[in-house]
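1. sequence first, then the predicted structure:
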Amino acid sequence: MQTLEAILSLLVLVSLSIFLFIPAEAKLDNSVYLYSLQGDVENVMHLKDGLENISEGNEIAMKIYEETGLCMEFSETDITSYPVAKGRYAQVSVPQLKELGLEANGSEVDAGALNLTGFKPNSFSFGLCNN
Amino acid sequence: MANRCKAFLSFDFLFSLIPILLIVSYTLYYASFLQSRAEENLEHQALFNKLVSASDYVVKIGAAKTEGNFFPEKKVYPNLIPSEDFSKLQGDLEKRLHFNSLYVSFEEGKGTCIYRLVVYEPTNEIRKLYFCGE
């Protein structure tokens, strides 16, 4: 009888411990959606001539940030939607440039020895803000 | 003496059986709860993926500005939306992609919603185009 009880208890314990290891909530995979949104931002930039005009590009980037709360960065350009308080400076991580100094209106203030040669839409990234 | 022992054994078994039954029933209940939650998550992910696919079609072809009728004259401008009326497209996608309901609009609707960024041609504004489905 005691053996039977022990076996039953063990079975219950094992099954309970299995359930405890199963994650209760699966995370929604939105990677494809974010990738599509990145395509949207690139298309919108082209449609509004944001890639040909830096100040226009900055305005569009800020507008998109206001609408979506998501940030974008164009490597080797100074177009960004990183939120910077007026009169303040911020360091922004850009994959290929490592760091880029920005002021309130988003224009580049301190790129150090980095050579900003022009726009490279292929090195564009869009997603959750770093701050 | 033997009968007294038997009685004790039965009582012992009875008392241990109650918590075991409770634990087993709780385990079964929790298992069914986890299963139903996993099903819900899967359904939600499938709906989300369908919305992303539908939105991709609408933004890039379905509702995008088009010039000319046939290749090579035909030109499509992805993400440039010339009209606010999506009713025909909405009905078509609802049927083809087996949505219970699909709502495409510049205003947010009910159910699971995603948005896409577009340029609305008449005002040249950047706007969010919502896709809500159930």
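-> Received, thanks.

2. give me the neighbour count for A:Gln38.
-> For A:Gln38, the tally of surrounding residues (other C-beta atoms under 10 Å in any protein chain shown) stands at 17. To be clear about C-beta, it is placed using only N, CA and C from the backbone, and glycine gets the same treatment.

3. quick check: pLDDT value at it.
-> A:Gln38 carries a pLDDT score of 84 in this model.

4. I'd assumed A:Leu70 was in contact with it.
-> No: counting by C-beta atoms under 8 Å, A:Gln38 does not reach A:Leu70; the two are 9.4 Å apart.

5. quick check: neighbours shared by those two?
-> A:Phe126, A:Gly127 (C-beta atoms under 8 Å, 6 or more residues apart in numbering or on different chains).

6. so where's the chain shaky on pLDDT?
-> Chain wasn't specified; assuming chain A. Within chain A, the ranges that satisfy pLDDT under 70 run A:1, A:16, A:19-20, A:22-26, A:52, A:54, A:73-125, A:130-131.

7. my bad, chain B
-> Using pLDDT under 70, the flagged stretches of chain B are B:1-9.

8. for it, what lies in contact range of chain A?
-> B:9, B:12-13, B:16, B:20, B:23-24, B:27, B:30-31, B:34, B:37-38, B:41-42, B:44-45, B:48-49, B:52, B:55-56, B:59, B:77-80, B:114-119, B:124, B:126, B:128 (C-beta under 8 Å from any C-beta of the partner chain).

9. and the residue lying closest to A:Ser15 once chain neighbours are set aside, what element?
-> If you skip the residues right next to it in sequence, A:Ser15 has B:Thr27 as its closest partner in space, 5.3 Å away by C-beta to C-beta, 6 or more residues apart in numbering or on different chains. Per DSSP states H and E, B:Thr27 falls inside helix B:2-57.

10. quick check: the residue nearest to A:Ser15 vs B:Glu39, distance?
-> Look at B:Thr27 and B:Glu39: by C-beta to C-beta, to the nearest Å, they are 19 Å apart.

11. of those two, who's got more company?
-> It is B:Thr27, of B:Thr27 and B:Glu39, that has more neighbours when counted by other C-beta under 10 Å, with 17 against 10.

12. hmm, who's touching whichever helix or strand comes after the helix holding B:Thr27?
-> Once the chain leaves helix B:2-57, the next helix or strand it forms, by DSSP H and E, is strand B:65-67. Residues from elsewhere that reach strand B:65-67 (C-beta under 8 Å, 6+ apart): B:Glu73, B:Lys74, B:Lys75, B:Val76, B:Tyr77, B:Leu80, B:Ile81, B:Pro82, B:Glu121.

13. can you give me the neighbour number for the first one?
-> Translated: B:Glu73. For B:Glu73, the count of nearby residues is 8 (other C-beta under 10 Å).

14. same check on the fourth one?
-> For B:Val76, the count of nearby residues is 12 (other C-beta under 10 Å).

15. ok, now B:Tyr103?
-> For B:Tyr103, the count of nearby residues is 19 (other C-beta under 10 Å).

16. could you check how far the closest residue to it other than its chain neighbours is from B:Phe131?
-> In this structure, B:Tyr103 finds its nearest non-sequential neighbour in B:Gly109, 3.8 Å apart by C-beta to C-beta, 6+ apart. Separation of B:Gly109 from B:Phe131 (C-beta to C-beta) stands at 9 Å.

17. can you list residues touching both of those two?
-> Common contact partners of B:Gly109 and B:Phe131 (C-beta under 8 Å, 6+ apart): B:Tyr103.

18. give me the more crowded residue out of those two.
-> Each of B:Gly109 and B:Phe131 has its neighbours counted (other C-beta under 10 Å); B:Phe131 has more, 28 against 16.

19. before we move on, back to that, other SSEs contacting the helix holding B:Thr27?
-> Packed against helix B:2-57 by the contact rule (3 or more C-beta pairs under 8 Å, 6 or more residues apart in numbering or on different chains; DSSP states H and E) you find helix A:2-21, helix A:31-47, strand B:112-120, strand B:125-133.
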